[in-house]
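K.L.:
Have a look; sequence and predicted model below, questions after that.
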Amino acid sequence: MKNKAYPYCSVPQMANIKEMLNRLAVEKPHNTAFVYPCESGEMKKTYYDFKEDVYAFGAWLYSKKYKNKHIAIVGENSYEWLVVYFAAILGGSIAVAIDKQLPDEEIVSLGKIGEVDVAFATDTYFNKVNKKVGKKAYNLKELDSILAEGRKLLREESKESVEFAEYEVLDDDTACILFTSGTSGISKGVELTNKNIAFEIVHTSMLYEPKGGVLAVLPFHHALGLVVGILMVINYGQPIYINKSLKYVKRNMEDFGPQTMFLVPMFVEFFHKQIWAEVAKKGKVQAFKGLMKSTDLLLKTGIDVRKKTYGSIQKVFGGNLEYIICGGAALDPMYVKEFRSWGIEILNGYGATELSPCVSVNRAHHKKDGSVGQLEPGVEAMTTEDGEICFRGDLVMKGYYKNPEATAEALIDGWYHTGDLGYVDEDNFVYLTGRKKNLIILSNGENISPEELEQNIARDDAVNEVLVYDEGGKIVAEVFPTEEHLGDTAYFEKLKDKVNKGRPIYKQITRIKLREEEFIKNASMKIVRYKNIPNYNQQVKSSED
């Protein structure tokens, strides 16, 4: 199919996730909803099973007087996590999703910010919340016994079970609090309403429709991993394979053979480097590049031999992977082109937790390399005089929980100010040019987006991670190299000269610093600039002035 505009996908409509779950339990009761690991090997749950478990858990919550409460969920990706999340929202409580990997004191702090009443945690992380978050904590290893109590309430048609089933989910009520994992400051609690989430599910689905199973790798406390990677897929009634830990990703891909995966750039970059490392190990880099050129030329003439030619690569991903939806940070278009050569299409997208979270994504048959996708229908966009891109629509958050100052700064006349520099073209494709607060402002008045230089440096095989920043009026690139290039200053001096070639002097890197350990990152696997760059706060103040 040619790369051109085509009608939006036909999407199941919904007003809220309670309506969505009830519909699926009737229309697709025997369809697989989730597949996940358990002690006996592998467990499958149908959409009917899932609804029954959610309603049983909800009845149990009501029986314990947990109604209109703030319910924290802490733990690795799991079926249990999702049951708690759905039951909380469907019964009128607010789900407070907290990153399990945070230090204990930060988990406690976020629990206080979110005014948590009761916490649920998977067994591995129970001690992080027990007697520390909320007035009471429950270990989700007891889910089966909780569900048994809940099912008894359902069978008896108890007052609690009836109240839960009949509870009316209201559009403007807060459904969940998700914490920002910003790269330049303290986390804030983003309030997403039932309307925000329903709008996001429906309108993101209009741009992309999964046609098979999805492997859920991104953490559920992350907006992309939860709302797009789980809830949107549920709305289409496709099976979801739950990845419990990153160490099982390769095995899960081989076992489940997903058609779609939702990833952040770190994963794409890792897979890319692994593929090329295998090619290099066999001494066939030049031959492989030649093969890619040949198959790309054939593809342009309408002959697609990629599945047969690159079967060994596709086997790594389970043999069925067609699409990777990538968001959460910038992705070099080079990765998109090379994965396309191997028969896997990367659809780059863009958004923020405050935007529920996705605002644009490239479409399967209408995409522009270098963009972060086509704007969702029903969303307005504008660019301010200083180049900041802003959005308005029903996907924009209610605000930061009990933080009116931060809310007023981010939301102006209904427009969410992203802090990103960018624009929307005539075909409604969104392009980003940098981060407003990251701008390097030189003494000659020139403004430089470090992301442009970081992208060029990161393309080199010897680079694991890179940050570019201003140090005393000079542009510095700090690099965490691959293991074989640790401390290899001579190599990186040559790389500096290569990157600088053809650039105006003010855009040239003055120095490359080498480090021996990776940069500090947030839950989205973005490098946290304020924790890694010397004098970052002074730079931000300068850029804002």
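P.N.:
Structure received.

K.L.:
now stretch 305-322: how far from the chain's centre is it?
P.N.:
On the basis of C-alpha atoms, centre = their mean, to the nearest Å, stretch 305-322 sits 24 Å off its chain's mean C-alpha point.

K.L.:
Buried residues of it, list them for me.
P.N.:
306, 309-310, 313-314, 316-318, 321-322 (16 or more other C-beta atoms under 10 Å). Placement of C-beta: from N, CA and C, glycine included.

K.L.:
Could I get the average pLDDT for it?
P.N.:
Stretch 305-322 shows a mean pLDDT of 96.

K.L.:
what's the answer for stretch 74-89, then?
P.N.:
98.

K.L.:
How about stretch 513-531?
P.N.:
pLDDT averaged over stretch 513-531 gives 85.

K.L.:
End to end on it, go ahead and measure it.
P.N.:
16 Å (C-alpha to C-alpha, to the nearest Å).

K.L.:
any chance of the buried residues of stretch 305-322 in TSV, plus distance to residue 162 and secondary structure?
P.N.:
Output for the buried residues of stretch 305-322, formatted as TSV (distance: C-beta to C-beta, whole Å; DSSP: H, G, I helix; E, B strand; the rest coil):
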residue	distance to residue 162	secondary structure
306	55	helix
309	59	helix
310	56	coil
313	54	helix
314	50	helix
316	50	helix
317	46	coil
318	44	coil
321	44	coil
322	44	coil
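
K.L.:
Rebuild the residues you listed as CSV, extending it with distance to residue 518.
P.N.:
As requested, the buried residues of stretch 305-322 are exported to CSV (distance: C-beta to C-beta, whole Å):
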residue, distance to residue 518
306, 33
309, 34
310, 30
313, 26
314, 29
316, 23
317, 25
318, 28
321, 27
322, 31
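
K.L.:
Return the two entries of the residues you listed that lie farthest from one another.
P.N.:
Farthest-apart pair in the buried residues of stretch 305-322 is 309 and 318; separation 17.7 Å (C-beta to C-beta).

K.L.:
wait, which of the buried residues of stretch 305-322 is closest to residue 148?
P.N.:
Here the nearest of those to residue 148, counting by C-beta to C-beta, is residue 318; it sits at 35.3 Å.

K.L.:
could you measure that closest one against residue 292, distance?
P.N.:
Plainly put, residue 318 is 22 Å away from residue 292 if you go by C-beta to C-beta, to the nearest Å.

K.L.:
swap in residue 502?
P.N.:
25 Å.

K.L.:
Which parts of the stretch 251-400 of the chain are helices?
P.N.:
Assigned by DSSP state H, counting those that start in this stretch, the helices in the stretch 251-400 of the chain fall at 265-281, 285-300, 306-309, 311-316, 333-341.

K.L.:
Including distance to residue 53, could the ones you listed go into JSON lines?
P.N.:
JSON lines is the format used below for the helices of the stretch 251-400 of the chain (distance: least, C-beta to C-beta, whole Å):
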{"stretch": "helix 265-281", "distance to residue 53": "30"}
{"stretch": "helix 285-300", "distance to residue 53": "45"}
{"stretch": "helix 306-309", "distance to residue 53": "38"}
{"stretch": "helix 311-316", "distance to residue 53": "34"}
{"stretch": "helix 333-341", "distance to residue 53": "37"}
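
K.L.:
Let me know which of those is the nearest to residue 66.
P.N.:
Once these are compared by C-beta to C-beta, helix 265-281 is nearest, at 36.0 Å.

K.L.:
pLDDT averaged over the closest one, what's the number?
P.N.:
On average, helix 265-281 scores 92.

K.L.:
of residue 502 and residue 292, who's got more company?
P.N.:
The residue with more neighbours, out of residue 502 and residue 292, is residue 292; 18 against 8, by other C-beta atoms under 10 Å.

K.L.:
so who does that one touch?
P.N.:
338, 341-342 (C-beta atoms under 8 Å, 6 or more residues apart in numbering).

K.L.:
quick check, nearest of those residues to residue 2?
P.N.:
Residue 2 lies nearest to residue 341 out of these, by C-beta to C-beta, at 18.2 Å.

K.L.:
Out of the helices of the stretch 251-400 of the chain, which gets nearest to residue 208?
P.N.:
When the helices of the stretch 251-400 of the chain are compared by C-beta to C-beta, helix 333-341 sits nearest residue 208, at 15.1 Å.

K.L.:
buried sites along the closest one?
P.N.:
Neighbour-count burial for helix 333-341, counted by 16+ other C-beta under 10 Å, picks out 335-336, 338-341.

K.L.:
Now for residue 245, how many residues are close by?
P.N.:
Residue 245 has 12 neighbours, counted by other C-beta under 10 Å.

K.L.:
Name the SS class of the closest residue to it other than its chain neighbours, please.
P.N.:
Nearest residue to residue 245, sequence neighbours excluded (C-beta to C-beta, 6 or more residues apart in numbering): residue 76, at 6.4 Å. What DSSP: H, G, I helix; E, B strand; the rest coil gives for residue 76 is coil.

K.L.:
where are the low-confidence patches of the stretch 51-200 of the chain?
P.N.:
Along the stretch 51-200 of the chain, the parts satisfying pLDDT under 70 run over 181-186.

K.L.:
residue boundaries of the helices in it?
P.N.:
Ranges of helices in the stretch 51-200 of the chain, per DSSP H, counting those that start in this stretch, are 79-90, 104-113, 126-129, 143-155, 159-166, 194-205.

K.L.:
in the fourth one, what counts as buried?
P.N.:
I take that to be helix 143-155. Going by neighbour count (16+ other C-beta under 10 Å), the buried part of helix 143-155 is 143, 146-147, 150-151, 153-154.

K.L.:
what angle do that helix and helix 79-90 make?
P.N.:
Comparing the axes of helix 143-155 and helix 79-90 via axes from the mean of the first three to the mean of the last three C-alpha atoms, to 10 degrees yields an angle of 40 degrees.

K.L.:
how far out from the middle of the chain is helix 143-155?
P.N.:
How far helix 143-155 lies from its chain's middle: 33 Å, per C-alpha atoms, centre = their mean.
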